[in-house]
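Student: Mind folding the following:
(one chain, ligands or ions: 1)
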Amino acid sequence: MQNKDWWQEASIYQVYPRSFKDTNGDGEGDLKGVITKLPYLKDLGVDAIWLSPFYTSPNKDGGYDVANPRDVDSRFGTLADAVELIEKTHELGLRIIVDIVPNHFSTEHIWFKEALNSPKDSAARKRFHFYDGRGLTGEIPPNNWCSIFGGPAWSRVTEMDGSLGQWYLHLFDSTQADLNWNNLEVAEDFEKTLRFWLDLGVDGFRIDVAHGLVKDEIHRDHRDPEGLTRALRLDVSDMPQEQRESLLSDVPFFDREGVHEIYRSWRKILDSYPGERMSVAEAWVHPSSRAVRYVRADELHQIFNFDFLIAQWNSEFLINAIDKTLQEVAEVAAPATWVLCNHDSPRLVSRLGGGKLGLRKARAMALLTHALPGGVYIYQGEELGLEDAVLPDEARQDPVYFRTNGVDKGRDGARVPLPWDSKLKNYGFTTGEPWLPMPDNWQTNSVDQQQKNFVEGSAEEQSQFGLYQESLKLRKNLRGLSFSWIEKSDSVLAFSRGGGYFVFTNTTDGVIKRELPRTGDGTSIILSSVAGAELVDGHLTLPAHSTVWLQTF
Ligand code: GLC
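Tutor: Numbering: from 1, shown residues only. Predicted coordinates for the structure are as follows:
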């Protein structure tokens, strides 16, 4: 496993373990399930997998509420399973990265329990943000910040004598207490966790809420806390851009200067291990030019670029996002990353309108993305063309749904378990009851059908899996090749990689013809998101909503 800088242009597959594959019939996926499906991921052609949290947790926020970061939750299996998973992944020539959640601990973590059983100002409380309330009886929280999941960012505890006492900060659910990173003990504990997993052989970490660890001015109210929470939410579109920009330009709990020192120390730890260990930051930072500060040479390796996570199917939008991203990462000499969906956002096909047209656009979007320079992150089920499932409210589990009193439906729709076999009950995901109900129309999305590579009844329409498999294979040839635009118009984006590969995307609903920059017998179509692309006499016919890759031999 040499391959220095393997992560720079890697294709990394996100496994959300709870929904991947269940082997013990409890209705939730487990690590053994991931082990049994590693050959599937190898066959798909990814370079690495990233696992969302599988650590000991009461699972109030899908495991992002960690009660012990150095052990495996029994719902997912055992530490021995994790060790086996790391080994088997490596045996197949794949890399494995795991999540680390440094902004908060679950209120079930031993530290929080200790804090509750200790007096105010104790060392145990100083690991978190515990403060007295304001008002005559301390009934008003220390400041007016709102939780990103809705409601206040503070909860009040009952002291040991039964009286109402101090408040603790939680930027997310009330079961996720924010850690105090000014406390050395916190930093030391995370160093221990990093080393624990690095010693077990993981190739790196995905850092949850990487921009949130350091807080400023806790004793000052924010001028518009509710507006700020709305501005931070991706699904709020009715806020005027100017107001949004102004609110996001200075968030007292995000992107504070102190976070960079933490990552410089983490980088030293990663570099002290053999074999190119890496890190990728989840950091929603505004303006995005500040985001690349997380990937300066002595900090983290990658930062998720979320521009495509919210991208519209619009040529101008996509061109701007690509230009901005490539310019920004070039300033710090870091590679770009591209993300089309993840466990926190709607699935790609749904975001692009759903149905046949949504799928068609999603295919074109994927081929465009896979041809760009940098790393690509793929969320489980993206390769099956899944849409968000429509769920009954009583099935929902996301704290966002509960904390907003159902106003925001939450993220469960994108977290429904994977369909493995169209002929089996629950599509072979589990022999028990799946933790979220699975739609009854996922037969053609099931892995067994998708792996036939062509959609049933059509010799031309490649399955989503087949398309991903091919583009992931071909994109390996693009590694290290330069990027240059051929066309940036309101209907077509086209670029070349290394002068030998050409990629054309048509974002309109009409057929478009283009003359190729270099013509001749030696150029041919190597991949197309839909049937109907043609190359005749140096002219390319681009079907509506399509991406086509060409190669000059
Ligand atoms: C990150 C995770 C998300 C989680 C939140 C709080 O954004 O991706 O799933 O709810 O952090 O930990």
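Student: near the ligand, which residues of the protein show up?
Tutor: Residues of the chain lying close to the ligand (C-beta under 6 Å from any ligand atom) are 61-62, 64, 101, 172, 208-209, 282, 343-344. (Each C-beta comes from the backbone N, C-alpha and C, glycine too.)
Student: Out of the residues you listed, who's the most crowded?
Tutor: The most crowded member of the residues of the chain next to the ligand is residue 101, carrying 26 neighbours; neighbours defined as other C-beta atoms under 10 Å.
Student: can you redo the residues of the chain next to the ligand as CSV with secondary structure?
Tutor: Formatted as CSV, those follow (DSSP: H, G, I helix; E, B strand; the rest coil):
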residue, secondary structure
61, coil
62, coil
64, coil
101, coil
172, coil
208, coil
209, coil
282, coil
343, coil
344, coil
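Student: just the strands in the stretch 401-550 of the chain please.
Tutor: For the stretch 401-550 of the chain, the strands defined by DSSP state E, counting those that start in this stretch cover 483-488, 492-497, 501-506, 512-515, 523-528, 534-536, 539-542, 546-552.
Student: what would those look like in TSV with distance to residue 263 and mean neighbour count?
Tutor: Below are the strands of the stretch 401-550 of the chain laid out as TSV (distance: least, C-beta to C-beta, whole Å; neighbours: other C-beta atoms under 10 Å):
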stretch	distance to residue 263	mean neighbour count
strand 483-488	27	14
strand 492-497	31	21
strand 501-506	34	24
strand 512-515	44	14
strand 523-528	37	17
strand 534-536	47	12
strand 539-542	43	19
strand 546-552	35	23
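Student: just the helices in the stretch 251-400 of the chain please.
Tutor: Assigned by DSSP state H, counting those that start in this stretch, the stretch 251-400 of the chain shows helices spanning 259-271, 315-331, 348-351, 355-370, 399-403.
Student: Find me the pLDDT at the residue of the stretch 351-500 of the chain found nearest the ligand, would you?
Tutor: Nearest residue of the stretch 351-500 of the chain to the ligand (C-beta to the nearest ligand atom) works out as residue 411 at 7.1 Å. At residue 411, the predicted lDDT confidence score is 96.
Student: mind starting the numbering at 58 from now?
Tutor: Yes, from this point I'll number from 58; that puts the last item at residue 468.
Student: Skip the chain neighbours and tell me the closest residue to it.
Tutor: residue 455 (5.0 Å; C-beta to C-beta, 6 or more residues apart in numbering).
Student: about what we covered before: out of the residues of the chain next to the ligand, flag the one nearest to the ligand.
Tutor: Of all the residues of the chain next to the ligand, the ligand sits closest to residue 121, with 3.4 Å by C-beta to the nearest ligand atom.
Student: ok, now how distant is that closest one from residue 466?
Tutor: Residue 121 sits 18 Å away from residue 466, going by C-beta to C-beta, to the nearest Å.
Student: Check residue 340 too.
Tutor: From residue 340 across to residue 466, the span is 25 Å (C-beta to C-beta).
Student: between these two, which one's more packed in?
Tutor: Relative neighbour count places residue 340 above the other of residue 340 and residue 466, with 24 against 17, counting by other C-beta under 10 Å.
Student: Could you pull up the residues touching the more buried one?
Tutor: Counting by C-beta atoms under 8 Å, 6 or more residues apart in numbering, residue 340 makes contact with 264, 266-268, 312, 348, 351, 360-361.
Student: Next, format those residues as TSV and append pLDDT.
Tutor: Shown next, in TSV, are the contacts of residue 340 (pLDDT from 0 to 100):
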residue	pLDDT
264	98
266	98
267	98
268	97
312	96
348	94
351	98
360	97
361	96
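Student: Can you list the buried residues in stretch 271-287?
Tutor: 271-272, 279, 282, 284-287 (16 or more other C-beta atoms under 10 Å).
Student: ok, now stretch 94-109?
Tutor: 94-95, 98, 101-109.
Student: Okay, now the unreliable bits of the stretch 58-207 of the chain?
Tutor: Residue ranges of the stretch 58-207 of the chain with pLDDT under 70: 58-61.
Student: ok, now with 90
Tutor: Along the stretch 58-207 of the chain, segments meeting pLDDT under 90 span 58-62.
Student: Residue most distant from the centroid, this protein?
Tutor: Most distant from the centre of the chain: residue 193, at 44.0 Å, with distances by C-alpha atoms, centre = their mean.
Student: mind checking which helix or strand that residue is in?
Tutor: Assigned by DSSP states H and E, residue 193 falls within no helix or strand.
Student: circling back: in JSON lines: the buried residues of stretch 271-287, plus pLDDT and secondary structure.
Tutor: Shown next, in JSON lines, are the buried residues of stretch 271-287 (pLDDT from 0 to 100; DSSP: H, G, I helix; E, B strand; the rest coil):
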{"residue": "271", "pLDDT": "97", "secondary structure": "coil"}
{"residue": "272", "pLDDT": "95", "secondary structure": "coil"}
{"residue": "279", "pLDDT": "96", "secondary structure": "coil"}
{"residue": "282", "pLDDT": "95", "secondary structure": "helix"}
{"residue": "284", "pLDDT": "93", "secondary structure": "helix"}
{"residue": "285", "pLDDT": "94", "secondary structure": "helix"}
{"residue": "286", "pLDDT": "92", "secondary structure": "helix"}
{"residue": "287", "pLDDT": "90", "secondary structure": "helix"}
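Student: No further questions, thank you.
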